[in-house]
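Asks: curious how this folds, go ahead:
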Amino acid sequence: MKKINLAITGCMGRMGQQLIRSANKNKNFKLVSLTENRTVNKRISGIRPETNSLSAFKKANVIIDFTVPYCTMEILNIAAKQKKRVVIGTTGFSKKEEILIRNFSKKIPILKAGNMSLGVNLLMYLTEIASKSLGNNFLSKVHEVHHKHKIDYPSGTALMLGKGIAKGKSKNFYNLMGKKYLNKKTFPYSKKINFNSIRKGEIIGEHEVRFSSGKEIIKLNHESFDRALYSEGALTAAAWLMSKKVGLYSMRDLLRFK
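Replies: Model prediction:
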């Protein structure tokens, strides 16, 4: 089997470094390009990091991007010109940026996921089922915990779970989005979906969805212990995307959840 030429963006970040480690262990990939938004005066895995450019991605078959939204937009613009596939693990996009991603997916295959973990994507699927089954008699809220270095909140995964709740109710997520709390010990239920984000220590990721009728509470949760969970999922997504046509895909498509 011919190896897939891989480019990793944000190579000096936490996920960038983890992706490099995982890619070097994966026999299906050949790491050909690393990029960063600043000068890096050293070689990593024999590669000198570059800034995002046409030349940086020239040899790549697929790009894995875990950066920040403005950087992702820059990468997609270049990838669209070169017809490169892109796996997006970046979170924190605005509505406008989400629309731009969808527009880019009309030119190139893109797989975008707020979380690359099998377990988290199963949790989202179960959240949809629970939301649909419980109906309007139950209120819901989402709680998440991440390391102190994470800037955006709620996390991309928390928003995914919120969308799962909305989808289960056949309602527009943005119409259901409630308040966004940060570092609160407790936070209320409401007729909308409230979110609470905790930022502390070096926690990889914890997510919980709660449904309450006032008489009982149902909890669905997931904990991550190793960042390799996400990098290995991203590599699986990259390999899967190689056979796909132009379009916007998710881990749900890869996992074949209905």
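Asks: these two touch, right, residue 198 and residue 148?
Replies: No - assessed by C-beta atoms under 8 Å, residue 198 is found out of contact with residue 148, at 9.6 Å. (C-beta placed from N, C-alpha, C; glycine too.)
Asks: who's more crowded, the two?
Replies: The neighbour count for residue 198 versus residue 148, taken as other C-beta atoms under 10 Å, is higher for residue 198 (18 against 10).
Asks: name the element that one belongs to?
Replies: Assigned by DSSP states H and E, residue 198 belongs to strand 193-199.
Asks: ok now that strand, how far from the chain's centre?
Replies: 17 Å (C-alpha atoms, centre = their mean, to the nearest Å).
Asks: same for it, what does it pack against?
Replies: Judged by 3 or more C-beta pairs under 8 Å, 6 or more residues apart in numbering; DSSP states H and E, strand 193-199 is in contact with strand 139-146, helix 156-168, strand 177-182.
Asks: which one, of these, ends up nearest to residue 54?
Replies: Residue 54 sits nearest to helix 156-168 of all the helices and strands packed on strand 193-199, at 28.1 Å, using C-beta to C-beta.
Asks: for that closest one, name the packing helices and strands.
Replies: For helix 156-168, the elements it packs on are helix 118-134, strand 139-146, helix 173-176, strand 193-199, strand 205-212, judged by 3+ C-beta pairs under 8 Å, 6+ apart.
Asks: just want the angle from that helix to strand 193-199.
Replies: Taking axes from the mean of the first three to the mean of the last three C-alpha atoms, to 10 degrees, one finds helix 156-168 and strand 193-199 inclined to each other by 170 degrees.
Asks: who touches helix 156-168?
Replies: 90-92, 113-115, 120, 123-125, 127-133, 140, 142-144, 154, 172-173, 175-177, 193, 195, 197, 205, 207, 209 (C-beta atoms under 8 Å, 6 or more residues apart in numbering).
Asks: could you do stretch 195-207 as well?
Replies: Taking C-beta under 8 Å, 6+ apart as the rule, stretch 195-207 contacts 115, 120, 123, 141-148, 150, 153-155, 157-159, 161-162, 178-184, 187, 221-227, 229.
Asks: good, wrapping up.
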